[in-house]
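K.L.:
Mind looking at a prediction? Sequence and model below.
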Amino acid sequence: MMKYGRCPSTGNCFSHLKTVYFTGKSSCSDRGFFIIHKIRDFYSFYNLRKSSNFISLILTIMKKTSIILLLFSVLIISFTEVEGQRKGRDAKANAAFQAGEYYEAIDFYKDAYNRVSDRSKKAEMVFKVAECYRITGNPRQAELWYRKSMQLDYQDPYLFLRHGQVLLQNEKHDDALEQFKKYNELVPDDPRGKWGIESASNAAEWIDNPTGYVVENMRYFNSFERDWSPAYSTSDYMQVFFTSTREDAQGNETHGATGESFADIFSSSLDRKGKWSVPVPVESVNSDFEDGAPNFSSDFSTMYMTRCKKGKNQKLACQIYVSQRQGTNWSEPEALKILEDTITVAHPAISPDDLTLYFVSDRPGGIGENDIWKVTRETPDAPWGEPLNLGEQINTPGNELFPYVS
């Protein structure tokens, strides 16, 4: 393949090459050779460098090489930017989800989903979208997205539990039963699978054989937004306080968890003709944050309520506040120091003797996601004692919320 010799004119070494390259030093000279590819005659190259075209050739080669390197650099930079943007969208969606900003997280996950090719990551994002819809109270959309995550072969068995729960809400009892059975087979130690099976199995019978109670829509109170947690606020039962996210709520910001206004406490009164008044905000107790879940002492002189403050992409703990009746108004609520302000303490329910306060908390040492706890005191003026978990007879691995004591 290689033939060595000397130039008859100059005496310099030359060789004939096809696809051979030179490295190191020649045995004929200590002059280093350039790396040349597909040059048949090094002697010709030597003569070429004497010509006036040599500089032009070198400049052309350098120019083409620079263009190739530039294009390669652009590709690397573009890929890095795209990958960085994708990771940024993933991080933004996960941060919103962890902070409880579920309404905002939905759009973040959908945007990130369209920019991901990995099937397992797509499946996880779809599951998170379904979770957001479930938590924000949209079971129909949640059902749709849980089904999509199944089609993408999402592997977490938790999917079957949550899918079954929203199917049960959507009154698809047979489908819900199948999902609960699958979850129970995969996670037999979690009682929620068995409970789901029982609920789905009994739901049809309960519908066919209703109790003697009649559920009536209180259209006087309800709005197109969320309305919940009503409580009588006077001893004559002529006034009701409740929680709502309707447009009259205080503050201009939209809650990242619901996409609605921050909740406030509203009141409605019953007149002598038996008609409820148009609900109005209880201005003295509301804030620009989330206020709600009112509960009253036995003499209706003290109101316990929940306030949840907001931070951008930050999940701040809810706290119980106390307000005292002052004629027809209420005092500025003050925080009730039961636990550290980094732990959620919410949904108060005071006992008839005013000596035991039940509440919901995600305090470590509980049984589920949120448990019902209680604190007690010796007299109505005494300080509250240490929190006590109500145990497995009351709490489950799921969420216990809104306790009520009569």
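P.N.:
Right, received. Where do you want to start?

K.L.:
name the element the spatially closest residue to residue 171 that is not a sequence neighbour belongs to?
P.N.:
Nearest residue to residue 171 in three dimensions, chain neighbours excluded: residue 203, at 7.6 Å (Cβ to Cβ, 6 or more residues apart in numbering). Glycine gets a C-beta too; all of them are placed from N, C-alpha and C. Here residue 203 sits within helix 191-208, counting by DSSP states H and E.

K.L.:
so what's the residue nearest to residue 171 up against?
P.N.:
If you count contacts by Cβ atoms under 8 Å, 6 or more residues apart in numbering, residue 203 has them with 168, 171, 173.

K.L.:
quick one: which of the residues you listed is nearest residue 401?
P.N.:
residue 168 (17.3 Å; Cβ to Cβ).

K.L.:
What pLDDT does the model give the residue lying closest to that closest one once chain neighbours are set aside?
P.N.:
Leaving aside its sequence neighbours, residue 168 sits nearest to residue 176 (Cβ to Cβ, 6+ apart; 4.3 Å). Model confidence at residue 176, given as pLDDT, is 97.

K.L.:
give me the number of residues near residue 176?
P.N.:
Using other Cβ atoms under 10 Å, the number of residues around residue 176 comes to 25.

K.L.:
quick one, phi psi at it?
P.N.:
Main-chain torsions, residue 176, degrees, to the nearest 10: phi -60, psi -40.

K.L.:
got it, and the one 4 residues further on?
P.N.:
Recorded main-chain torsions at residue 180 are phi -70, psi -40, according to degrees, to the nearest 10.

K.L.:
Quick check: pLDDT value at it.
P.N.:
pLDDT for residue 180: 97.

K.L.:
circling back to that earlier point, buried ones only from the contacts of residue 203, please, as a ChimeraX command.
P.N.:
To isolate the buried members of these in ChimeraX, using 16 or more other Cβ atoms under 10 Å:
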select :168,173
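
K.L.:
with the contacts of residue 203 in mind, which one is nearest to residue 215?
P.N.:
When those are compared for distance to residue 215 (Cβ to Cβ), residue 171 wins out at 15.0 Å.

K.L.:
Could you pull out the strands in the stretch 51-200 of the chain for me?
P.N.:
Under the criterion DSSP state E, counting those that start in this stretch, the stretch 51-200 of the chain contains no strands.

K.L.:
what does the average pLDDT come to for the helix holding residue 203?
P.N.:
Mean predicted lDDT for helix 191-208 stands at 92.

K.L.:
repeat for stretch 262-281
P.N.:
94.

K.L.:
Next, the buried residues of it.
P.N.:
Applying a neighbour-count criterion of 16+ other Cβ under 10 Å, one finds 262, 263, 264, 265, 266, 267, 268, 270, 276, 279, 281 buried in stretch 262-281.

K.L.:
quick one: the first one from residue 292, how far?
P.N.:
Plainly put, residue 262 is 9 Å away from residue 292 if you go by Cβ to Cβ, to the nearest Å.

K.L.:
Spatially, which residue comes closest to residue 401, not counting chain neighbours?
P.N.:
Leaving aside its chain neighbours, residue 401 sits nearest to residue 360 (5.6 Å; criterion: Cβ to Cβ, 6+ apart).

K.L.:
ah, wrong one, I meant residue 248
P.N.:
In space, and not counting its chain neighbours, residue 248 is closest to residue 281: 5.9 Å by Cβ to Cβ, 6+ apart.
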